[in-house]
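Chemist: Quick one, what's the 3D model for this:
(2 chains)
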Amino acid sequence: MPLSRSKLYTILFISCLAGYIWLYIGIKINLTENKSVDICLIKHATNIPCPSCGSTRSVISLAEGRFTDALQINPLGYLIAIIMILTPIWILTDLFTKKETLLKSYQKIETYLRKPQYAIPLIALVIINWIWNITKGL
Amino acid sequence: MEAQKVDMFIMTNGKFFESHHVMQIRERLIQMDDSKWGMIQTLQFKDPTTSLIVSLLGGSLGIDRFLIGDTGLGVGKLLTCGGLGIWAIIDWFMIMDATREKNLIKLQQVLQ
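Modeler: Predicted structure coming up:
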């Protein structure tokens, strides 16, 4: 068993919390200075955007209801927003009902993602999205 | 199993495990049945140094986590640009131990 229940839930909870704090900071800075926030290592080192560059802006656009903008900046923002909304609810329901449905589904998704027939199309999608990011010049 | 064989295994594969686990592994291998020796010998372990190199180069894309088999965490790192760069830096220090732990799990699966 690679990841225990408490370890996985702590990691997910901390990353969701960090995500919300980051989103709050992003909205604050955007409102006051109207400047995009980026701390991406790859972008600073090579000046080329990474596959997930622009996802902060995308999630902020989603939060403000600009759905087409979010899709144009980075479609991964949709995935991140869904995970960020779903995970805390899922963790809380699991904690209250004392089950481990999230751990079970996490492990199931992991085994699916290891299979080449799922992995290769997803990798291709990420690379296509990356190329799109570079041509957009995020 | 013969202590000499086990010591040879420890000598060649010791670097793939954490130092505080090596003595435990030695004892378990000595108690082990001789019939499993062939399987133990052909096990392929992941080199911690390789995963460190991958972590330094592709850490913010989560490739290091994909490499050692933590697909879920890898996806998490990929989506968040290496956890806003912070997780990627933490993993430069964590990934070698994580690899050694994965190797131990692999060995344990055969030993059971």
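
Chemist: So which residues on chain B come close to chain A?
Modeler: B:60-61, B:69-73, B:75-76, B:78-85, B:88, B:102, B:105 (C-beta under 8 Å from any C-beta of the partner chain). (Glycine included, C-beta is placed from N, CA and C.)

Chemist: of those residues, buried ones?
Modeler: Among these, those classed as buried by 16 or more other C-beta atoms under 10 Å in any protein chain shown are B:60-61, B:69-73, B:75-76, B:78-85, B:88, B:102.

Chemist: need the helix or strand of chain A with the lowest average pLDDT.
Modeler: Across the helices and strands of chain A, mean pLDDT, DSSP states H and E gives its lowest value to helix A:41-46, namely a mean of 74.

Chemist: which SS class is B:Val110?
Modeler: Following DSSP: H, G, I helix; E, B strand; the rest coil, B:Val110 is assigned to helix.

Chemist: In this structure B:Met32 contacts B:Ala3, no?
Modeler: No - when contacts are counted by C-beta atoms under 8 Å, B:Met32 is not listed as touching B:Ala3 (11.8 Å).

Chemist: So for these two, which sits in the more crowded spot?
Modeler: B:Met32 (15 against 10; other C-beta atoms under 10 Å in any protein chain shown).

Chemist: per-residue pLDDT, that one?
Modeler: As predicted, B:Met32 sits at a pLDDT of 80.

Chemist: Name the nearest residue to it, sequence neighbours excluded.
Modeler: B:Met1 (5.4 Å; C-beta to C-beta, 6 or more residues apart in numbering or on different chains).

Chemist: Just list the residues touching that neighbour, thanks.
Modeler: The contact partners of B:Met1, by C-beta atoms under 8 Å, 6 or more residues apart in numbering or on different chains, come to B:29-34, B:37.

Chemist: and the lengthiest helix in chain A, what other elements does it pack with?
Modeler: Using DSSP state H to define each element, chain A has its longest helix at helix A:5-33. Helices and strands touching helix A:5-33, by 3 or more C-beta pairs under 8 Å, 6 or more residues apart in numbering or on different chains; DSSP states H and E, are helix A:55-63, helix A:76-97, helix A:101-114, helix B:81-84.
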